[in-house]
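Asks: Pasting the sequence and the predicted coordinates here, then a few questions.
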Amino acid sequence: MSPQSKGLVKPVTPGLQTNTKRKSRSPSRRRPMSSQSAQTNVDKMYLMTAEGPHIGSSSVLLSSPYQSEIASLRMERLRIEEEHLLEVKRQNELERIRGPKPKWYELKTPQFHYEAQKNNNLLKSQNNWQGLMDYRNELVKASKDFQRSYSSQDYI
């Protein structure tokens with residue numbers, strides 16, 4: 001009897017290697033991180049370098065007028081982005097809590113199932129209708145304020 005027929009030796013599939021281990025680099029052979037790659041975006045934004053992190057906590061900030069203007073413009077951009085993200089969240093929440101469309105039961109498209117689910121959720125929350133309406137009115141008011149503030153300003 002051959003060893004293969006007894007099940008002692010596993011047949012080797014062509015192209016596959018068994019018992020191969022990857023050798024990892026030793027700690028001494030690893031490349032050290034450069035100070036440029038270790039520098040974070042936060043350091044760059046607040047005009048700090050990796051070599052002198054104490055500059056940010058000092059009372060004198062060494063920067064040009066251009067850098068301070070750029071920093072203020074970045075902060076303004078971040079505020080605008082935050083307001084837009086909050087508006088997107090408000091719109092998603094308004095869609096989540098809205099009731100079904102009028103005559104949703106007459107729909108013959110896949111939208112029917114979506115509107116039927118909206119109707120079921122509305123019926124399940126029947127005890128809290130007033131709270132939902134108040135919450136929805138607050139979201140609508142905040143959304144209108146947002147639209148009003150950005151429609152009067154010209155942003156390119």
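Replies: The structure has been received and is ready for your questions. Numbers count the residues shown, from 1 in each chain.

Asks: which sections of this protein are below the confidence cut-off?
Replies: For the chain, applying pLDDT under 70 flags the ranges 1-63, 152-156.

Asks: Regarding it, what is its longest helix?
Replies: helix 65-97 (DSSP state H).

Asks: residues near K118, how many?
Replies: 18 (other CB atoms under 10 Å). No exception for glycine: its C-beta is placed from N, CA and C like everyone else's.

Asks: Helix, strand or coil: sort out it for me.
Replies: Per DSSP: H, G, I helix; E, B strand; the rest coil, the local secondary structure of K118 is helix.

Asks: Can you show me the helices along this protein?
Replies: 3-6, 35-38, 41-45, 65-97, 111-124, 129-151.

Asks: Need these in a markdown table (columns: distance to W104).
Replies: Formatted as a markdown table, these follow (distance: least, CB to CB, whole Å):
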| stretch | distance to W104 |
| --- | --- |
| helix 3-6 | 68 |
| helix 35-38 | 56 |
| helix 41-45 | 48 |
| helix 65-97 | 15 |
| helix 111-124 | 4 |
| helix 129-151 | 18 |
